[in-house]
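Engineer: Here's my sequence, what's the structure:
(4 chains)
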2 protein chains.
Amino acid sequence: MTPHADPAPRADASGDDRALNDRRAAILEAVVNQYIGTAEPVGSSHVADAPGVQVSSATVRSEMVALERDGFLVQPHTSAGRIPTDKGYRFFVDHLTAPGVLGPLQRRQVAQFFDQVHGEIETVLERATGLLSNLTSYAAVVVGPSHESATIRSAQLVGLSPQHALIVVVLSDGAVEKRTIDLENEPAAEDLAAAGAHLDAHLVGRTLRGPWTAPPSGSRPVDHLVASSLSALESLGGELESDQVFVGGPARLAESFEAVETVRSVLSILEQQLVVVTLLRDVLNRGLSVAIGTEHGYEPLSSCAVVVAPVLVDGHNFGAVGLLGPTRMDYPRTMAAVHVVGERLGERLAGGHDGGH
Amino acid sequence: MTPHADPAPRADASGDDRALNDRRAAILEAVVNQYIGTAEPVGSSHVADAPGVQVSSATVRSEMVALERDGFLVQPHTSAGRIPTDKGYRFFVDHLTAPGVLGPLQRRQVAQFFDQVHGEIETVLERATGLLSNLTSYAAVVVGPSHESATIRSAQLVGLSPQHALIVVVLSDGAVEKRTIDLENEPAAEDLAAAGAHLDAHLVGRTLRGPWTAPPSGSRPVDHLVASSLSALESLGGELESDQVFVGGPARLAESFEAVETVRSVLSILEQQLVVVTLLRDVLNRGLSVAIGTEHGYEPLSSCAVVVAPVLVDGHNFGAVGLLGPTRMDYPRTMAAVHVVGERLGERLAGGHDGGH
DNA sequence: GGCTGGCACTCGGTAAACTTGAGTGCCAGG
DNA sequence: CCTGGCACTCAAGTTTACCGAGTGCCAGCC
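Structural biologist: Take a look at the predicted model:
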């Protein structure tokens, strides 16, 4: 339901990209809307029937020729209807679609979700992917922040067995990292405690980048423990680069695409978390909220569109929520869903989180 | 199971599950092997060509009739070859398949994996799914232990901001759990520390089942902090039930099945971690290492087979590795892979952690 | 007696011929 | 400039025919 009310994109045909006269825009809009619904090429007579197009099918046809010449539509074959190109979708998204609204049912789903959800950030983000994929029937992605700028708030050494201990590091963003270390010569409990305290004293305030050093403590066994802990912690540096990625509803992909081959390739992209993060980040950095078809440059996703919204916590970039569907997706609804969830998520995370209830 | 030289076992149709004479067994084996390779119904003449079957196609045909009558084979339609039923696969797995061996390439992959892999248990388990799905080209599942029997080794309270603190609990199995708590009235650092110490003193040794209580400490603000921490920790009880599940290579499912609908339903099963755990556990509990078709009772997985192996650490049940593929999977190879990885994983983890006594 | 080659038959799958109809481009007349 | 009309196109559906892999059955052979 997007009864295009805005006459913003005005006159001038002249075959150029950014400007379509009202009639062509209306025709393009009708084609996109119908194609999204039916997944079948749209013929001129159907377009002529559409509200907002008051001309005959013959006129529609001639306009369609122009739209095809300018790259907004294509014909799968002669004597078939038209299908929007990526460029056609792009124009639709940029100029023809009013900021969509969620249906009452979906609105309620969102409200209910944020009422009920509780627990740690990771849990909330994880569940949010489920919410998004339910709202839209597409696959959802949520990216949490990296720990790049987080600093160490606490370091602690806990003995697990005579041979093993765990070094537990708490970060300023609430994340907890841990590493197991081998205890070669079964140190005394006091030494363990002393090493823990020593680590805590010298690591707090640092970032995960290191350097992983601490001054001598004066005790030989303690220094040994500290050294093993520090070397174990070195691998934490790697963690800071990898943001947290949550994927929800991959099964929805199999609903969105007919070809099993497409499903496979898209799924295997989703398995590579790094790629997913990069993709979302790229799109956001380019100031887009939608990337259609090949716009994002990932070959296997050329039949996909990605809808992204940032998650801002107290005005800072926290992460992103995204959605992966076919290029013929319901953009208004999807964009609305992604936008709302991203926003609510930001509010939620800003407002703090109670651990219970 | 002694091959009963009864040429036409006419009367005992249902009882002869495990009593197939050698020839029929050889024919069944040939059918399964060829069907696994080609995914197409196998005709009598192809079976007659198979090594191990020294009779003419006519004889094969008459034996196939018997195998069909007894439910080991079916014909998709008259005048087509035969394909194995679940029962046929079952017989194949139970009686006809030698403990498979990995190829040299795969053997190397496994060796390399266990040489290189490092890090925390979770990481290892996660990566193991990747290994398994690469080895077999099917989707892999690894289930880690629940924290049911783990006890608390340490509890610590870390301030994150004036309004928030984190309660961090280290378990005897090396897992770390955390909960955020809201600080209503910005307590003093000393109170926070005191509350942490108090919690540690009284929680260590308990299980996640609780009870989440601690005696009064004598200080009002400290008790308040302790109370909020304890109530936040209550939700940890839920965690102990949910074991850790890792899924690898879901994209492989799209390779295994032709019908996109099958892919979808199997994927959506894999999304439900609880179901996956239950499934694997059920199969193991029934003493099986393979569940074929409907044997596991999950309707949407009726075209799947599940191969499972336990992961034993120091003789104790740690978890399980599993594999999900089409019923027409390469059982010998898959079973070998799952078995080897489960075993090596157990050995690996035995070197790393105490299971708590 | 059981195995085998031979034979008639079945029937899914493919290909060719034909039909259908949605959709197009073009054009002449309002 | 729009429109209705018209001839044309071509994918998809339908019909028909055919091929051949595969079967069941049987008479003869070892």
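Engineer: Can you list the buried residues in the helix or strand where A:Leu324 lies?
Structural biologist: Assigned by DSSP states H and E, A:Leu324 belongs to strand A:316-326. Buried residues in strand A:316-326, counted by 16 or more other C-beta atoms under 10 Å in any protein chain shown: A:318-326. Where you see a C-beta, it was placed from the backbone N, CA and C, and this is true even at glycine.
Engineer: Whether that strand contacts chain B - can you check?
Structural biologist: No. Residues of strand A:316-326 contacting chain B under C-beta under 8 Å from any C-beta of the partner chain: none, with a closest distance of 13.0 Å.
Engineer: Okay, buried residues for the next helix or strand along the chain from that strand please.
Structural biologist: Where DSSP H and E defines the elements, the next helix or strand beyond strand A:316-326 is helix A:331-350. Within helix A:331-350, the residues that qualify as buried are A:331-342, A:344-346, A:348-349, counting by 16+ other C-beta under 10 Å.
Engineer: again with stretch A:186-195
Structural biologist: For stretch A:186-195, by 16+ other C-beta under 10 Å, it's A:187, A:191-195.
Engineer: can you check stretch A:226-244 too?
Structural biologist: Buried residues in stretch A:226-244, counted by 16+ other C-beta under 10 Å: A:226, A:228-230, A:232-233, A:235-236, A:239-240, A:243-244.
Engineer: got these as TSV, with pLDDT and distance to DNA strand D columns?
Structural biologist: Output for the buried residues of stretch A:226-244, formatted as TSV (pLDDT from 0 to 100; distance: C-beta to the nearest atom of the strand, whole Å):
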residue	pLDDT	distance to DNA strand D
A:Val226	93	70
A:Ser228	92	64
A:Ser229	93	65
A:Leu230	93	65
A:Ala232	91	60
A:Leu233	91	60
A:Ser235	84	54
A:Leu236	84	55
A:Glu239	76	50
A:Leu240	72	51
A:Asp243	81	43
A:Gln244	88	43
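Engineer: The strand holding A:Leu324 versus helix A:331-350: what angle between them?
Structural biologist: 150 degrees (axes from the mean of the first three to the mean of the last three C-alpha atoms, to 10 degrees).
Engineer: Give me the sheet partners of strand A:316-326 and which way each runs.
Structural biologist: With DSSP bridges as the test, strand A:316-326 is paired with strand A:139-143 (antiparallel), strand A:304-313 (antiparallel).
Engineer: where along chain A do the strands fall?
Structural biologist: Taking DSSP state E as the criterion, chain A carries its strands at A:73-74, A:83-84, A:139-143, A:152-161, A:164-171, A:176-182, A:245-248, A:290-292, A:304-313, A:316-326.
Engineer: can I get the CA coordinates of the fourth one in PDB?
Structural biologist: Only the C-alpha atoms of strand A:152-161 are listed here, as PDB (Å, rounded to 0.1, in the frame of the first residue of the first chain):
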ATOM      1  CA  ILE A 152      40.100  -4.200  30.200                       C
ATOM      2  CA  ARG A 153      38.100  -3.800  33.400                       C
ATOM      3  CA  SER A 154      39.300  -6.800  35.300                       C
ATOM      4  CA  ALA A 155      41.500  -9.800  34.900                       C
ATOM      5  CA  GLN A 156      41.200 -12.800  37.100                       C
ATOM      6  CA  LEU A 157      42.900 -16.200  37.400                       C
ATOM      7  CA  VAL A 158      40.800 -19.100  38.400                       C
ATOM      8  CA  GLY A 159      42.100 -22.600  39.100                       C
ATOM      9  CA  LEU A 160      40.200 -25.300  37.400                       C
ATOM     10  CA  SER A 161      42.200 -28.300  38.300                       C
END
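Engineer: Now do it: everything it contacts.
Structural biologist: A:165-172, A:180, A:183, A:189, A:192-193, A:195-196, A:199-200, A:203-208, A:225, A:229, B:153-154, B:156, B:158-160, B:168, B:170, B:172-174, B:353-354 (C-beta atoms under 8 Å, 6 or more residues apart in numbering or on different chains).
Engineer: Quick one: mean pLDDT for that strand?
Structural biologist: What strand A:152-161 shows for mean pLDDT is 93.
Engineer: Where does the stretch 1-150 of chain A get nearest to DNA strand C, which residue?
Structural biologist: Closest to DNA strand C within the stretch 1-150 of chain A is A:Gly43: 2.5 Å, counting by C-beta to the nearest atom of the strand.
Engineer: what sits against the closest residue to that residue other than its chain neighbours?
Structural biologist: Once flanking residues are discounted, A:Gly43 sits nearest to A:Gly81: 4.0 Å by C-beta to C-beta, 6 or more residues apart in numbering or on different chains. By C-beta under 8 Å, 6+ apart, the contact set of A:Gly81 is A:40-44, A:46, A:75.
Engineer: can those residues go into TSV with extra columns for pLDDT and neighbour count?
Structural biologist: Below are the contacts of A:Gly81 laid out as TSV (pLDDT from 0 to 100; neighbours: other C-beta atoms under 10 Å in any protein chain shown):
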residue	pLDDT	neighbour count
A:Glu40	93	13
A:Pro41	95	18
A:Val42	95	26
A:Gly43	94	18
A:Ser44	94	22
A:His46	94	18
A:Gln75	94	14
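Engineer: Could you tell me which ranges of chain A sit under the pLDDT cut-off?
Structural biologist: A:1-19, A:352-357 (pLDDT under 70).
Engineer: Just name the most buried of the strands paired with strand A:316-326.
Structural biologist: strand A:139-143 (a mean of 27; mean count of other C-beta atoms under 10 Å in any protein chain shown).
Engineer: Give me the contact list for that strand.
Structural biologist: Contacts of strand A:139-143 (C-beta under 8 Å, 6+ apart): A:125-126, A:128-133, A:243-250, A:252-253, A:256, A:270, A:276-277, A:280-281, A:319-325, A:345.
Engineer: Work out the gap between that strand and the centre of the chain.
Structural biologist: Relative to the centre of its chain, strand A:139-143 is centred 4 Å away, using C-alpha atoms, centre = their mean, to the nearest Å.
Engineer: what's the answer for stretch A:313-326, then?
Structural biologist: With C-alpha atoms, centre = their mean as the basis, stretch A:313-326 stands 5 Å off its chain's centre.
Engineer: For it, list the C-alpha coordinates in CSV.
Structural biologist: The C-alpha trace of stretch A:313-326 is given here as CSV (Å, rounded to 0.1, in the frame of the first residue of the first chain):
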residue,chain,number,x,y,z
VAL,A,313,23.5,3.6,21.1
ASP,A,314,23.7,7.0,22.6
GLY,A,315,24.5,8.3,19.2
HIS,A,316,27.5,6.0,18.7
ASN,A,317,27.8,3.4,16.1
PHE,A,318,27.1,0.1,17.9
GLY,A,319,26.4,-2.3,15.1
ALA,A,320,23.9,-3.0,12.3
VAL,A,321,20.9,-5.0,11.6
GLY,A,322,20.5,-6.3,8.1
LEU,A,323,18.2,-8.4,6.0
LEU,A,324,18.9,-10.6,3.0
GLY,A,325,16.2,-11.3,0.5
PRO,A,326,15.6,-11.6,-3.2
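Engineer: With distance to B:Gly144 added, can I get the strands paired with strand A:316-326 in TSV?
Structural biologist: Shown next, in TSV, are those (distance: least, C-beta to C-beta, whole Å):
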stretch	distance to B:Gly144
strand A:139-143	23
strand A:304-313	30
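Engineer: Quick check: which of these is nearest to B:Asp314?
Structural biologist: Evaluated over the strands paired with strand A:316-326, closeness to B:Asp314 peaks at strand A:139-143, with 38.3 Å, by C-beta to C-beta.
Engineer: Identify the residues contacting the closest residue to A:Leu102 other than its chain neighbours.
Structural biologist: Leaving aside its sequence neighbours, A:Leu102 sits nearest to A:Ala336 (C-beta to C-beta, 6+ apart; 5.2 Å). Listed by C-beta under 8 Å, 6+ apart, the contact partners of A:Ala336 are A:99-102.
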